[in-house]
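K.L.:
I'd like to go over a predicted model; first the sequence, then the structure.
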Amino acid sequence: MTMSASTFSSPFTLAVCAEMVFRDLPMNERVKRIDALGFQVEIWDWTRHDIESLANSGATFSSMTGYISGTLADAAGADELLRTAAESAEVAKRLGIPRLNLHGTGLNSEGLPVQPCQQITGAMWLKARDTLNRLADLGEQNDITFVLENLNTDVDHPGVPFARLEDVLALVKSVDRPSLRIMLDVYHAQIGEGNLIELIRRCGPYIGEVQVADVPGRCEPGTGEINYPAIAKALNKIGYRGTVGLEGWASGDDDLALDRFRAAFSF
């Protein structure tokens, strides 16, 4: 039986990705179900959804993908990224979404990079920094924070540039503007880098949102090797009080998965 939100006390705002749970329900019903359980809602590609229906759902949304196409590190791709990010910002305002998620390059429906890259040059680093500065301008103009997500290239996203959390941190620090922050994905960081608590400490003031799932399997906390209660304490210790989102599959019952997620991030 699902526990009520009042059973727990969390210092964080908890969100759930509607793309990955209650998948037997239409999207609008998933959103309402997640909201009724006391969570905020994350979505991915807004072009796949009925925005008017979502806007009328009554749910509070935490984040969504902040572009349709484009890349960080080449001129044509950067212009396309900015163009589609501006479209996304307008949709975000309709839904009241405060954070728009970014990657080093566009991803296809299978999570693979549209433009794979195996080696990042110095010129690409400089172009990516310039593109992120332009996105920070767009964020300031729309009162939205763009968040650059770390990804793993070993399992889910081979060939994505600027995927490691070390890369994401370096770029966000180099821009150093409040309208650009890190989407710190703990699942991806564990696969790609490990040393999670130290990474959290280093990223501290630059974290815009945290996403979680366990390893292996990308399911809810408690199904794999990550000590999520320790992660929650580490986030609390650095003073993080923002959103933690479950971006993982349910290992079995969806309601139970959400209970486990809430319990891992409650004290």
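P.N.:
Alright, I've got the coordinates. Numbering: from 1, shown residues only.

K.L.:
Off-centre distance for stretch 197-211?
P.N.:
Relative to its chain's centre, stretch 197-211 lies at 13 Å (Cα atoms, centre = their mean, to the nearest Å).

K.L.:
Low-confidence stretches in the stretch 51-200 of the chain?
P.N.:
The model of the stretch 51-200 of the chain has no residue with pLDDT under 70.

K.L.:
what are the ranges of the helices in it?
P.N.:
51-55, 75-95, 122-142, 165-175, 186-192, 196-203 (DSSP state H, counting those that start in this stretch).

K.L.:
The ones you listed: which one's closest to Ala264?
P.N.:
Across those, Ala264 has its closest neighbour in helix 186-192 (10.9 Å, Cβ to Cβ). For glycine as for every other residue, the C-beta is placed from the backbone atoms N, C-alpha and C.

K.L.:
Next, the residues that contact the closest one from outside, please.
P.N.:
149-157, 163-165, 196, 199, 210-215, 218, 225-226, 231, 247-248 (Cβ atoms under 8 Å, 6 or more residues apart in numbering).

K.L.:
Can I get it as CSV, trimmed to CA atoms?
P.N.:
Below are the C-alpha coordinates for helix 186-192, written out as CSV (Å, rounded to 0.1, in the frame of the first residue of the first chain):
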residue,chain,number,x,y,z
VAL,A,186,23.8,10.2,-10.0
TYR,A,187,23.0,7.1,-12.1
HIS,A,188,25.1,8.3,-15.0
ALA,A,189,27.9,9.5,-12.6
GLN,A,190,28.2,6.1,-10.9
ILE,A,191,28.6,4.3,-14.2
GLY,A,192,31.0,6.8,-15.7
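
K.L.:
could the helices of the stretch 51-200 of the chain be laid out in JSON lines, adding mean neighbour count and distance to Ile43?
P.N.:
Formatted as JSON lines, the helices of the stretch 51-200 of the chain follow (neighbours: other Cβ atoms under 10 Å; distance: least, Cβ to Cβ, whole Å):
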{"stretch": "helix 51-55", "mean neighbour count": "15", "distance to Ile43": "7"}
{"stretch": "helix 75-95", "mean neighbour count": "17", "distance to Ile43": "8"}
{"stretch": "helix 122-142", "mean neighbour count": "17", "distance to Ile43": "18"}
{"stretch": "helix 165-175", "mean neighbour count": "19", "distance to Ile43": "21"}
{"stretch": "helix 186-192", "mean neighbour count": "23", "distance to Ile43": "18"}
{"stretch": "helix 196-203", "mean neighbour count": "17", "distance to Ile43": "24"}
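
K.L.:
now the ones you listed as TSV including distance to Arg260?
P.N.:
Below are those laid out as TSV (distance: least, Cβ to Cβ, whole Å):
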stretch	distance to Arg260
helix 51-55	26
helix 75-95	27
helix 122-142	33
helix 165-175	24
helix 186-192	15
helix 196-203	18
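
K.L.:
for stretch 227-242, which positions count as buried?
P.N.:
Across stretch 227-242, burial judged by 16 or more other Cβ atoms under 10 Å covers 228, 231-232, 234-235, 240, 242.

K.L.:
Now pLDDT too, for the residues you listed, in a markdown table please.
P.N.:
Converted to a markdown table, those look like this (pLDDT from 0 to 100):
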| residue | pLDDT |
| --- | --- |
| Tyr228 | 98 |
| Ile231 | 98 |
| Ala232 | 98 |
| Ala234 | 98 |
| Leu235 | 98 |
| Tyr240 | 98 |
| Gly242 | 98 |
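
K.L.:
Great, nothing more from me.
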